[in-house]
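Q: Quick one, structure for this:
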Amino acid sequence: MSEQRFTTIELCAGVGGQAMGLEQAGFDVTATIDIDQDSCETLSHNRPHWYTIHGDLKRIDPLDHAPLDHADVLSCGLPRSPYTVAGKQLATEDKRDTLQAVLDMASFVRPRVLLLETIPTFLKAAKFDAERQKVQDAAADLGYQMTSAVLSATDFGVPQRRAHGFILAMHAEDLSCFGWPAPSPGPCPTLGQTLFDSMCSGGWPEAAEWAAHASEPAPLIMGGATGRGGADLGASRAKAIWARWGVYGGSIGDSVPGPDFRLNREVEPRFGLPKLTVEQVALLQGFSPDWKIWGRKTSAYRQISQATPPPIAAALGREVARALRQSPRTASQ
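A: Just a heads-up that it's a prediction; the model follows:
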């Protein structure tokens, strides 16, 4: 007998990392929503059978879209910009914030599970007490209990030092069967191991030397926030960290190094270090090479830099599905 399958709706879906991970965990993605046109093109081209809605979550009427009627899981990667220490931390006062719209959608959909991904600051900073209380109140209105945790990307084979905060709200009987996923066995791949084949693909003779030096997981991928400007790997401090691992972070490359490129750590980084391409950044975010990203370079980098790595979402999704299957509430339905 095949295992019972569950459904999920993904809000603020972006490039689709969280939705893809839940799909890998066995969920059927019934709808995705995003305000960015290029992100919706990415979703539609990679998963044409998903019902993708392009629009502002704050203005979408779920009654206009039958697939929004119900799902077992309502999932969302909350926009980071309103809460990050790199911004003004305006929270719900930031026009990019969608927290209230997400909670309103949860009230309509009434899923068995509300799953929110966010930055760890949202879970810990005292200045966001009111926002966390909003989520707590919404969970209580649904009759659910809430739990949260911070998961590290490297624990799940994603070659990047990145932490993700997760909030989970479920009925008490469902939650009693849930456990946060355990780290994957074995060491996490390094920056060099992950990108070696790609760095070799253009005939660069020094790719092996570069990969041997890049012997740790990649630094945190950042930058690309809406309204911030072009595609780069972050502010000056972030670029300096990337330079130590042999990457020029001042811009995103159009192609991998060719046979004439020479590695030189003694000159200014933009002349002696390779740039990462959007496709390489996607590999560092745990995406498979066949996931194509639509849009010009800045848009494509913005989509991928803000994503939830699919392996983390998949590990968490498997635990959510296990809890739902084992729950006394499922057996009684």
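
Q: Show me how this structure divides into domains.
A: The chain breaks down into these domains under automatic domain parsing: 6-182+308-331, 191-303.

Q: what ranges of this structure fall below the confidence cut-off?
A: For the chain, the stretches flagged by pLDDT under 70 are 1-2, 80-96, 224-230, 331-333.

Q: Outside of the longest helix anywhere in it itself, which residues are in contact with it?
A: Longest helix in the chain, counting residues (DSSP state H): helix 310-326. If you take CB atoms under 8 Å, 6 or more residues apart in numbering as the criterion, helix 310-326 is touched by 3-4, 6, 17-22, 24-27, 72-73, 112-113, 115, 117, 151, 153, 156-158, 164, 166, 168, 170, 174-175, 177-181, 184, 286-288, 330. Every residue, glycine included, has its C-beta placed from N, CA and C.

Q: So what's the residue count around the residue lying closest to residue 157 once chain neighbours are set aside?
A: Among residues not flanking residue 157 along the chain, residue 184 sits closest, at 5.0 Å (CB to CB, 6 or more residues apart in numbering). By other CB atoms under 10 Å, 14 other residues sit near residue 184.

Q: For residue 184, which residues are in contact?
A: Here residue 184 is in contact with 155, 156, 157, 311, 315 (criterion: CB under 8 Å, 6+ apart).

Q: is it possible to export the residues you listed to CSV including neighbour count and distance to residue 104?
A: Converted to CSV, the contacts of residue 184 look like this (neighbours: other CB atoms under 10 Å; distance: CB to CB, whole Å):
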residue, neighbour count, distance to residue 104
155, 16, 33
156, 23, 31
157, 20, 35
311, 21, 30
315, 22, 29
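
Q: could you pull out the strands for the chain?
A: Applying DSSP state E to the chain gives strands spanning 6-11, 27-34, 52-54, 73-77, 113-118, 145-152, 163-170.

Q: roughly how far apart are residue 115 and residue 190?
A: Counting by CB to CB, to the nearest Å, the gap from residue 115 to residue 190 is 30 Å.

Q: In terms of neighbours, single out the busier of those two.
A: Each of residue 115 and residue 190 has its neighbours counted (other CB under 10 Å); residue 115 has more, 23 against 18.

Q: That one and residue 301, how far apart?
A: Applying CB to CB to residue 115 and residue 301 gives a distance of 26 Å.

Q: Would you mind finding the most buried of the strands of the chain?
A: strand 73-77 (a mean of 27; mean count of other CB atoms under 10 Å).

Q: tell me which strands and helices that one is in contact with?
A: Using 3 or more CB pairs under 8 Å, 6 or more residues apart in numbering; DSSP states H and E, the elements in contact with strand 73-77 are strand 6-11, helix 17-24, helix 99-109, strand 113-118.

Q: just how off-centre is that strand within its chain?
A: 12 Å (CA atoms, centre = their mean, to the nearest Å).

Q: same deal with stretch 35-49?
A: 15 Å.

Q: Done for today, thanks.
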